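1. The following block contains a protein sequence and its predicted model.
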Amino acid sequence: MHSVKLSAEALPSQAWMQRLLPKRLWAQALLIQCVSMLLLTSLAGSVINSVFAFELHSLGIPLDSLWFWLLSHICMVSLLAKLVGMPVWWRWIHVIFPLAVVFMQQVALPAGVYFAGFIMTLALYWSVYNTRVPFYPSFPSTWRAMHRILEQHADDHSLKVLDIGSGIGDIAMFLAKQRIHDDVSGIEIAPLPWAISAVRAIFSGTSVKFTLGDYRQLDFAELDVVFAYLSPAVMNDVWQKVQQEMQPGSLFVSSEFPVPDIHATRIIYPAVNAPALYVYQIG
């Protein structure tokens, strides 16, 4: 079954709210945090002096408590993030960020700790602002499902397999161990995950190779299978590259995130709590 693009008439119109928001997710997140703080600041004086405040105080909930307003802020940003349709993982960031700020203020850590945390975060999420792809670790059930896909697709031939956004190298190393005659490699743009995968590859006893770089600079023409666990934000761009460069009969497999408006050749569910694999046969 070949991939089929849906007609334009079948596509839902973009919500007006999305058109008003910044395109970058980090800019949306910053805007939501600011809007929530402005709303709560403007309401704080009226609420504290209201009858509602007296009733809460009688119940042991003082409105001059930092934690009351922090909880209100968390609820507000979570609601706003859901209303504008931000991905679930960004909603968790909205919850964790203000808690982390207050916690760091309370424990008064040395400045060197913040600098070390900044360097670690920079190395892990090196270019999320550009690629729009956060770090997603894959599941063992996904590795096994990918192995079965390769077994079915190979037909006793060796394959050239690439994991784009390979992280710390789990799935690529697993496949390289299971299919020793295949040419399995990964490419990762963030320095820290790539460094971990490169060190692991040395001791893996396989020929798996990991490259530090951007998959968008690679040519997919010689590849038999491309695996991706990226982000909904980039699936259209990846699909364009796959269609333009991969040969007929080759496979593109995406974990969790389907290509918008394109029917997958197969959808595989590796386990109950594992993300689905969307398999697209090119040509």
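-> Yep, that arrived.
2. any idea which helix or strand comes after the lowest-mean-pLDDT helix or strand in the chain?
-> Scoring the helices and strands of the chain by mean pLDDT, DSSP states H and E places helix 128-131 at the bottom, with a mean of 53. Sequence-wise, the next helix or strand downstream of helix 128-131 (DSSP states H and E) is helix 140-154.
3. Could you export that following helix as CSV, CA atoms only?
-> What follows is helix 140-154, C-alpha atoms only, in CSV (Å, rounded to 0.1, in the frame of the first residue of the first chain):
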residue,chain,number,x,y,z
PRO,A,140,13.3,-1.7,24.3
SER,A,141,10.0,-2.8,22.8
THR,A,142,10.6,-0.3,20.0
TRP,A,143,14.1,-1.8,19.4
ARG,A,144,12.7,-5.3,19.1
ALA,A,145,9.9,-4.1,16.8
MET,A,146,12.5,-2.4,14.6
HIS,A,147,14.5,-5.6,14.4
ARG,A,148,11.4,-7.5,13.2
ILE,A,149,10.8,-4.8,10.5
LEU,A,150,14.4,-5.1,9.3
GLU,A,151,14.1,-8.9,9.2
GLN,A,152,11.0,-8.7,7.1
HIS,A,153,12.4,-6.1,4.8
ALA,A,154,15.8,-7.5,4.3
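4. and it, what does it pack onto?
-> Judged by 3 or more Cβ pairs under 8 Å, 6 or more residues apart in numbering; DSSP states H and E, helix 140-154 is in contact with helix 170-178, strand 225-228, strand 251-255, strand 277-281. The way it works is simple: take the backbone N, C-alpha and C, and place the C-beta from them, glycine included.
5. I'd like those laid out as CSV, including distance to P110.
-> Shown next, in CSV, are the helices and strands packed on helix 140-154 (distance: least, Cβ to Cβ, whole Å):
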stretch, distance to P110
helix 170-178, 34
strand 225-228, 40
strand 251-255, 40
strand 277-281, 45
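6. Redo these as CSV? Include mean neighbour count, mean pLDDT and distance to M146.
-> Shown next, in CSV, are these (neighbours: other Cβ atoms under 10 Å; pLDDT from 0 to 100; distance: least, Cβ to Cβ, whole Å):
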stretch, mean neighbour count, mean pLDDT, distance to M146
helix 170-178, 22, 96, 6
strand 225-228, 25, 97, 6
strand 251-255, 24, 97, 7
strand 277-281, 21, 97, 7
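7. Just give the number of residues close to the closest residue to G283 other than its chain neighbours.
-> Nearest non-adjacent residue to G283, counting by Cβ to Cβ, 6 or more residues apart in numbering: P248, 2.8 Å away. Other residues within reach of P248, judged by other Cβ atoms under 10 Å, total 7.
8. Quick check: P248 vs M235, distance?
-> According to Cβ to Cβ, to the nearest Å, P248 and M235 sit 21 Å apart.
9. any idea how far the residue nearest to L39 when sequence neighbours are not counted is from W194?
-> Closest residue in space to L39, ignoring its immediate chain neighbours: M76 at 6.6 Å, by Cβ to Cβ, 6+ apart. Per Cβ to Cβ, M76 is found 38 Å from W194.
10. which one of the two has more residues nearby?
-> W194 (23 against 18).
11. Now do the same contact list for the residue nearest to L39.
-> Shown in contact with M76 (Cβ atoms under 8 Å, 6 or more residues apart in numbering): S36, L39, L40.
12. how much space between the second one and L80?
-> When Cβ to Cβ is the yardstick, L39 and L80 sit 9 Å from each other.
13. Surely Y278 touches Y269?
-> No: the criterion here is Cβ atoms under 8 Å, and Y278 misses it with Y269 at 10.7 Å.
14. which residues of the stretch 1-150 of the chain fall in helices?
-> Using DSSP state H, counting those that start in this stretch, the helices of the stretch 1-150 of the chain run over 16-20, 25-48, 51-58, 66-83, 88-107, 111-124, 128-131, 140-154.
15. which of those helices has the lowest average pLDDT?
-> With a mean of 53, helix 128-131 has the lowest mean pLDDT of those.
16. and L212, what pLDDT?
-> For L212, the model assigns a pLDDT of 93.
17. Export the contacts of M76 as TSV, with columns for distance to V225 and neighbour count.
-> Shown next, in TSV, are the contacts of M76 (distance: Cβ to Cβ, whole Å; neighbours: other Cβ atoms under 10 Å):
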residue	distance to V225	neighbour count
S36	44	22
L39	49	14
L40	50	15
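18. Cheers, nothing more for now.
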